[in-house]
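Novice: coordinates for the following, if possible.
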Amino acid sequence: MSTVPLRWLLTLAALSALATLSTNILLPSLPVIAQALGGDAATLTAAVLGVFLAVFAFAQLIVGPLSDRVGRRPVVLGGLAVFVIGSAVGGAAASLPWLLTGRVLQAVGVAAASVLARAAARDRFEGPQLAALLGRIMVVMAAAPGFSPLLGGLVQAAWGWRALFAVLVLTGLTLAATYARIVGETLPVERRRHQPAAALARGYVQLLGDARFMRPALATAAILGALFAFFGTAPLVLAREFGFSALQVGLFFATSVLVVFAAGQTAPRWAARWGGPAVLRLGAALAAMGGLTMLVGSATGLAGFAVAVAIFLFGMGLVSPTGTALALTPFASQAGQASALLGFLQMAAAACMTTAAATLPGARMVALALVLTSGGLLALLSSAARPAATATAS
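Specialist: Residues are numbered from 1 along each chain as shown. Presented below is the predicted three-dimensional model:
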């Protein structure tokens with residue numbers, strides 16, 4: 001992986017992290033935003049997260065194939081332009097409908113960024129190199145969910161909640177300039193696919209029926225869905241159960257980056273030694289163990305909660321890059337479409353699991369533990385059978 005320029009890796013990581021940054025930076029300020037816009041905090045939180053995830057999921061199905069046809073560069077830059085506009089609309093919103101309009105535009109923009117970061121990596125690499133690159137991208141992008149609540153709390157305290165959207169505007173503009181200068185176009189003209197709508201639909205159906213794609217894709221979706229549920233529910237658990245302030249919640253998330261960093265460094269080495277499918281199963285088992293640890297130890301206090309979170313996050317850190325590499329490697333000729341469907345499955349799982357963690361009866365920590373356990377078990381079930389050989393591209 002020494003041949004991958006650090007600036008190239010960091011740019012793709014930043015594109016991948018934009019979705020979680022644009023959501024997590026708002027989390028500490030949602031009660032303040034609800035008060036400013038005259039709404040209920042729980043309703044606003046559900047709307048801000050739910051609308052974003054739903055639009056994000058479906059938009060990926062469009063931007064992936066579009067980039068297979070016209071190239072990655074125009075779609076990424078166009079998506080970032082839409083994201084900047086959406087951030088500006090959100091920052092100027094005087095009512096919940098306008099805020100949600102901004103979130104819809106943001107979701108469309110980050111769909112392009114997230115899908116095409118994976119597709120660009122697949123354009124250049126495959127096999128163990130792709131797994132290693134995705135692992136290192138994940139390590140870097142872990143800083144977004146880890147540090148963005150802390151950043152959001154500090155910005156909101158200093159300049160108010162509208163300044164959060166100004167930060168996102170600047171981020172989008174900076175990313176566009178950086179991507180254009182450092183990464184540029186990764187899909188040569190001779191590899192582009194000009195498909196009518198019917199052919200695109202058949203391509204998605206073929207991917208859905210291909211075990212080489214679906215087994216690792218479903219495993220990754222289940223784990224990342226549980227991760228988004230953790231993002232949405234853990235701040236509430238920390239505040240209500242343990243009396244954390246907004247700053248302390250941010251610091252807790254920031255320390256979680258260390259666990260993801262360790263997993264991201266470990267995953268490619270273990271995959272090279274034992275194979276990607278074995279690492280995928282191990283990560284899924286650890287994620288389920290983390291959820292069970294939280295469930296069993298829900299009465300043991302903060303230490304038990306922190307240990308459970310660390311186990312889950314380490315398992316997630318093994319599954320995410322390994323499953324993504326396994327799902328995309330056989331499909332070089334339709335990397336954008338495969339990445340789009342992978343992203344759709346992930347965001348659909350995120351929407352379902354985030355809703356479950358927020359609405360299941362009982363204490364929020366128990367609800368979160370059930371969701372994390374379910375995500376790990378679903379991933380383990382999906383990855384239980386070894387995928388077919390992936391040496392050839394479709």
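
Novice: check contacts around residue 365.
Specialist: 237, 241, 294, 298, 305 (Cβ atoms under 8 Å, 6 or more residues apart in numbering). No exception for glycine: its C-beta is placed from N, CA and C like everyone else's.

Novice: out of those residues, which is most surrounded?
Specialist: Among the contacts of residue 365, the one with the most neighbours (other Cβ atoms under 10 Å) is residue 294, at 28 neighbours.

Novice: related to what we said a few turns ago, nearest to residue 148 among the contacts of residue 365?
Specialist: Comparing the contacts of residue 365 against residue 148 with Cβ to Cβ places residue 237 closest, at 18.1 Å.

Novice: just checking, that closest one touches residue 364?
Specialist: Yes - with contact defined as Cβ atoms under 8 Å, residue 237 counts as touching residue 364 (5.1 Å).

Novice: which residues of this structure score low on pLDDT?
Specialist: Under the criterion pLDDT under 70, the flagged ranges of the chain are 1-4, 42, 135, 138-146, 246, 298-299, 385-394.

Novice: longest helix in it, please.
Specialist: Using DSSP state H to define each element, the chain has its longest helix at helix 211-242.

Novice: list the buried residues for that one?
Specialist: For helix 211-242, the neighbour count (16 or more other Cβ atoms under 10 Å) marks 212-239 as buried.

Novice: list the buried ones in stretch 83-92?
Specialist: Within stretch 83-92, the residues that count as buried by 16+ other Cβ under 10 Å are 83-91.

Novice: just stretch 103-120 next, same as before
Specialist: For stretch 103-120, by 16+ other Cβ under 10 Å, it's 103-120.

Novice: in helices only, show me those.
Specialist: Counted as lying in helices by DSSP H, out of these, are 103-120.

Novice: name the surrounding residues that touch the helix or strand hosting residue 18.
Specialist: Applying DSSP states H and E as the criterion places residue 18 in helix 6-24. Residues outside helix 6-24 that contact it (Cβ under 8 Å, 6+ apart) are 48-49, 52, 56, 76, 83, 87, 106, 110-111, 113-114, 116-118, 120-121, 133, 136-141, 143-145, 148-149, 152, 168, 171-172, 175, 178-179, 182-183, 231, 253.

Novice: just to revisit the earlier point, which secondary structure elements does the longest helix of the chain sit against?
Specialist: Helices and strands touching helix 211-242, by 3 or more Cβ pairs under 8 Å, 6 or more residues apart in numbering; DSSP states H and E, are helix 6-24, helix 197-208, helix 246-274, helix 276-296, helix 302-328, helix 335-359, helix 364-382.

Novice: of these, which is nearest residue 69?
Specialist: Closest of the helices and strands packed on helix 211-242 to residue 69 is helix 335-359, at 8.4 Å (criterion: Cβ to Cβ).

Novice: so how far is the closest one from its chain's centroid?
Specialist: How far helix 335-359 lies from its chain's middle: 9 Å, per Cα atoms, centre = their mean, to the nearest Å.
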